[in-house]
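Engineer: here you go, sequence then predicted model.
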Amino acid sequence: MVNLNKYDWESIEINVAGKVTIGMTEISYNDERSIEARYGKGATPRGYGRKNYKASGSGTLDREEFDRLKTTLGGSVYKKPFNIVVSYAVDGMATVTDSLKNCLVTKADTSSKQDDDNAGSVKIDFTILNPIEWGGEAAY
């Protein structure tokens with residue numbers, strides 16, 4: 001019988017700046033390399049030109065986890081690049097690991113409201129300076 005258990009939040013391990021992170025409640029990352037059609041005579045493209053590669057991400061950390069990251073980075077999340085490793089593992093399926101190397105925080109945002117069960121959580125946005133390694137393979 002085929003394993004019906006698929007990757008879920010419980011099957012993800014996130015390592016931020018060299019430490020397993022248990023206080024992260026969300027992670028998102030993406031990359032892109034746009035192309036632009038090149039025209040000459042006529043109305044149809046003769047080819048294309050490549051734009052620059054870009055990678056970025058975001059995550060939500062419990063306040064304690066954000067403070068730990070700040071301490072690990074020397075007191076500020078804005079000064080030092082750090083790595084994030086995201087591993088997906090479920091019994092019966094291969095472990096898949098994505099590596100985000102040289103991440104730099106560009107924004108930190110927090111809010112709290114009445115009846116909030118995770119008051120003070122911090123959402124961070126970050127730029128990824130190296131190509132994302134999707135499942136161990138560099139994006140480009």
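Structural biologist: Perfect, I can see it now.
Engineer: what pLDDT does the model give the most centrally placed residue in the chain?
Structural biologist: The centroid of the chain falls nearest to residue 29 when counting by Cα atoms, centre = their mean (3.6 Å). You'll see residue 29 listed with a pLDDT of 98.
Engineer: any idea how many residues pack against the residue nearest to residue 53 when sequence neighbours are not counted?
Structural biologist: Ranked by Cβ to Cβ, 6 or more residues apart in numbering and with sequence neighbours excluded, the top spatial neighbour of residue 53 is residue 33, at 4.6 Å. C-betas here are computed from N, CA, C, even on glycine. By other Cβ atoms under 10 Å, the residues close to residue 33 number 13.
Engineer: can you pull the contacts of residue 14?
Structural biologist: Contacts for residue 14 (Cβ atoms under 8 Å, 6 or more residues apart in numbering) come out as 20, 21, 24, 27, 59, 84, 85, 86, 87.
Engineer: residue 112 too?
Structural biologist: Residues in contact with residue 112, defined by Cβ under 8 Å, 6+ apart, are 119, 120.
Engineer: roughly how far does it sit from residue 105?
Structural biologist: 20 Å (Cβ to Cβ, to the nearest Å).
Engineer: cool, residue 79 as well?
Structural biologist: The gap separating residue 79 from residue 105 is 9 Å, by Cβ to Cβ.
Engineer: looking at these two, which is more packed in?
Structural biologist: Between residue 79 and residue 105, counting by other Cβ under 10 Å, residue 105 is the more crowded of the two (21 against 10).
Engineer: who does the more buried one bridge with?
Structural biologist: Per DSSP bridges, the residues bridged to residue 105 are residue 126.
Engineer: ok, now how distant is it from residue 45?
Structural biologist: Taken as Cβ to Cβ, the span from residue 105 to residue 45 is 38 Å.
Engineer: in the protein, where is pLDDT below threshold?
Structural biologist: 1-3 (pLDDT under 70).
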